[in-house]
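Enquirer: From the sequence below, what's the structure:
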Amino acid sequence: MNWRDVALVAVGGAVGSILRYGVGKIMGPTADTGLPWHTFAVNVTGAFAIGMVLVLAARHGWPGWWRPLLAVGVLGGYTTFSTFSLEVVELALHGQTLAATGYAAGSVVAGLAGCFVGIMLGRALG
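Expert: Residues are numbered from 1 along each chain as shown. Just a heads-up that it's a prediction; the model follows:
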């Protein structure tokens with residue numbers, strides 16, 4: 001185990017988690033729609049960011065420490081599949097099957113689109 005990389009993941013994860021928490025606080029509660037828009041926002045923007053960062057890193061030969069810090073740490077701490085999964089299940093358990101299905105499908109499609117756009121932008125900038 002490379003302890004430098006472990007430390008980079010830990011620091012990046014702390015930063016990403018704080019960013020995700022901040023997005024949740026800024027966007028506020030979702031009681032009006034029942035949909036967790038803050039989780040949707042962090043997952044889609046995180047997918048976009050990882051697509052762009054991976055392309056830029058490959059094109060410009062970034063040093064080896066960037067991946068554990070940014071891709072695994074910051075973006076891993078920022079995005080959240082577990083919270084997304086819980087929210088889908090909670091919507092379904094509360095009888096909001098259509099909302100749960102739409103949220104799940106919309107999140108996956110938007111996340112994939114975000115990653116694709118990030119890759120394309122990274123290529124254009126690279």
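Enquirer: who's in contact with residue 110?
Expert: Residues in contact with residue 110 (CB atoms under 8 Å, 6 or more residues apart in numbering) are 40, 43, 44, 47. All C-beta spots, glycine's among them, are computed from the backbone N, C-alpha and C.
Enquirer: Apply 6 Å and report the result again.
Expert: Contacts for residue 110 (CB atoms under 6 Å, 6 or more residues apart in numbering) come out as residue 44.
Enquirer: Let's verify it: helix, strand, or coil?
Expert: What DSSP: H, G, I helix; E, B strand; the rest coil gives for residue 110 is helix.
Enquirer: Distance-wise, check it relative to residue 45.
Expert: For residue 110, the distance to residue 45 equals 10 Å [CB to CB, to the nearest Å].
Enquirer: what does residue 69 give?
Expert: With CB to CB as the criterion, residue 69 and residue 45 are 18 Å apart.
Enquirer: How about the secondary structure of the residue lying farthest from the centre of the chain?
Expert: Residue farthest from the centre of the chain, counting by CA atoms, centre = their mean, is residue 95 at 26.8 Å. Under three-state DSSP, the three-state class of residue 95 is coil.
Enquirer: For stretch 17-27, buried residues please.
Expert: Residues of stretch 17-27 classed as buried: 17, 19, 20, 23, 24 (neighbour count, 16 or more other CB atoms under 10 Å).
Enquirer: From what I see, the first one and residue 77 are in contact.
Expert: So that's residue 17. Yes - using CB atoms under 6 Å as the test, residue 17 is close enough to residue 77 to be in contact (4.1 Å).
Enquirer: Can you pull out the low-pLDDT segments for the protein?
Expert: Applying pLDDT under 70 to the chain flags the ranges 31-32.
Enquirer: Would you map the helices across it?
Expert: 3-27, 37-60, 66, 75-78, 81-93, 97-125 (DSSP state H).
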